[in-house]
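Chemist: Attaching a predicted model along with its sequence, questions to come.
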Amino acid sequence: MTRRGWLSAVLFALGAASIVVAAPAPPGPTPAASGVKEASDPTASEAEARRRNGGGKVVMLVIDGGINPATADYLHEGVEFARASNAEAVLVQMDTPGGLLDSTKSIVKEILGSPVPVIIYVAPSGAGAISAGVFVTMAGHVAAMAPGTNIGAAHPVSGQGEDIGGDMREKVENFAASLSRTIAQQRGRNVEWAEKAVRESVSITESEAVELNVVDLVARDVGELLREIDGREVDIEGRSHVLATAGAVIEQHEMSLRQKFLNIVANPNLAYLLMMAGILGLYVEFSHPGLLFPGVTGAICLLLALSALQVLPINYAGLALIGLGIILLVGEVFLPSFGVLGIGGIVSFIIGSVLLFDTPDSTISVDPAIIAAAAISLGGFTLIVMFLVVRTQRRRSVVGMEGMVGQVGQVRRRLADRGLVKVFIHGEYWDAATDDPVEVGDSVEVVRFEGSRMRVRRVS
């Protein structure tokens, strides 16, 4: 083979090799097909890992009653406990007729900013999320209801369920409507219904609530609820979080003793009655020292009332008017005002009682029937005491020299001075003067005292 032939053969071999190297590899199994799954969603992978590890725990709180400062503190403490223990979520089982607007705002603020998912569950069957409960339910990361429950009627009313009058009604209603809209928008719920619940007091059942996108689902019990929401994605402080609640351990978190006490006394009617009982008990003790029982009982009741007033919104002008009314009623007993102080005290007391909880952010008040009963009782007690005092002052004295006027004694002997006799009365001998002719053994009646000497007259 010539030199050119050898060169052509070499070039041909090199070209064939380059074609083989550049040829695409034959199709093979993809990474997914080979059993290696790439985690495209980190939050879903984290939830799956938590689920494989047992699902963690869910801290359960129970709110059964009105929304008040004790309830708000209880929920705040529960969220902090869940965060510190790295719990999967906080489950709030709720049945409430409503409550204080300030406490509702605190609870909503706590839920919206919670670092732990908060699940609101209106249960058991027959329960309801009324008034303030509407705001709390819609604020939850997950909102659920049990069969046979209802939600709605969030129109602001006074503490006795009566409509708020005057300009305050419009102010409170507009604020509540804006709050409900804000919550519904942030949680992706029905904004139109949320506003109607405030302005028109509409109320719906659990199935209607799911249909109208007011709540997320209906669950028969807590176990079913945790299974249904497993894998659901919620927003926690601006980041996505996937719930891993299937198989989670439920840990009940009870109210502390202090919270239970505040939950009982944080009732405007009870606080008012405790205050009245305390004032009345102390008044009886001061006017009749040494009885002890009224003083001790009154002091305890007054301290309990002050504890309740510490967590309730009070109007200090109303409290001052109540104090002024009581001072005037007490003054009526000791001063001859012919009823002026008493009437003024009752009027001041009633006005102060009506204004006691009348603050810009408050929708509570004392029951008018309780105010009337307290005013009548306090006024009647004062009038009885005043009558007894006046009768005592008008009653003839029965001790000392004044108490001897009208008493009958016996002449024991005549004295040398004309018109003077020695009289025996109440086991004592007295010098007495008389203008009547008397003899030893005659009966005489004490008319008056002239210094230390009696003036007597003869009686048959």
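Modeler: It's in.
Chemist: So, low pLDDT: which residues of the stretch 301-450 of the chain?
Modeler: 332-333, 336-339, 358-365, 382, 385-386, 389-390, 392-403, 416-417 (pLDDT under 70).
Chemist: what about the helices in it?
Modeler: 316-334, 340-355, 368-394 (DSSP state H, counting those that start in this stretch).
Chemist: Could you report the separation of the residue nearest the centre of the chain from Gly323?
Modeler: Geometric centre of the chain, nearest residue: Ala266, 2.9 Å, by C-alpha atoms, centre = their mean. Counting by C-beta to C-beta, to the nearest Å, the separation of Ala266 from Gly323 is 22 Å. From N, CA and C alone the C-beta is placed, and that goes for glycine too.
Chemist: Check Arg418 too.
Modeler: 66 Å.
Chemist: got it, and Ala432?
Modeler: 55 Å.
Chemist: what does Ala375 give?
Modeler: Applying C-beta to C-beta to Ala375 and Gly323 gives a distance of 15 Å.
Chemist: what about those two, which has more around it?
Modeler: Neighbour count, other C-beta atoms under 10 Å: between Ala375 and Gly323, Ala375 has more, with 18 against 14.
Chemist: related to what we said a few turns ago, so what's the residue lying closest to the residue nearest to the centre of the chain once chain neighbours are set aside up against?
Modeler: Spatial nearest neighbour of Ala266, chain neighbours left out: Asn68 (4.2 Å); criterion: C-beta to C-beta, 6 or more residues apart in numbering. Asn68 sits next to Gly99, Leu100, Ser103, Leu262, Asn263, Ala266, Val311 when contact means C-beta atoms under 8 Å, 6 or more residues apart in numbering.
Chemist: correct me, but the third one touches Ile63?
Modeler: What that stands for is Ser103. No - Ser103 is beyond contact range of Ile63, at 11.1 Å (criterion: C-beta atoms under 8 Å).
Chemist: Between the two, which contacts overlap?
Modeler: With C-beta under 8 Å, 6+ apart, Ser103 and Ile63 have common neighbours Thr71.
Chemist: Determine whether the claim that Arg61 is in a strand is correct.
Modeler: Actually, residue 61 is Leu. It isn't Arg. Yes - assessed with DSSP: H, G, I helix; E, B strand; the rest coil, Leu61 lies in a strand.
Chemist: so it makes contact with Gln93?
Modeler: Yes - the criterion here is C-beta under 8 Å, and Leu61 meets it with Gln93 at 7.2 Å.
Chemist: ok, how many other residues are close to Ala182?
Modeler: Ala isn't right for residue 182; it's Thr. Thr182: 17 neighbours (other C-beta under 10 Å).
Chemist: now Ala248
Modeler: Ala248: 24 neighbours (other C-beta under 10 Å).
Chemist: Hmm, it is touching Gly56, no?
Modeler: Yes - with contact defined as C-beta under 8 Å, Ala248 reaches Gly56; the gap is 5.7 Å.
Chemist: Strands along the stretch 51-200 of the chain, start to end?
Modeler: 57-64, 89-95, 118-122, 128-130, 142-145, 150-152 (DSSP state E, counting those that start in this stretch).
Chemist: Tabulate the ones you listed in JSON lines, adding columns for distance to Ala177 and mean pLDDT.
Modeler: Output for those, formatted as JSON lines (distance: least, C-beta to C-beta, whole Å; pLDDT from 0 to 100):
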{"stretch": "strand 57-64", "distance to Ala177": "24", "mean pLDDT": "94"}
{"stretch": "strand 89-95", "distance to Ala177": "22", "mean pLDDT": "96"}
{"stretch": "strand 118-122", "distance to Ala177": "20", "mean pLDDT": "97"}
{"stretch": "strand 128-130", "distance to Ala177": "17", "mean pLDDT": "93"}
{"stretch": "strand 142-145", "distance to Ala177": "19", "mean pLDDT": "96"}
{"stretch": "strand 150-152", "distance to Ala177": "14", "mean pLDDT": "94"}
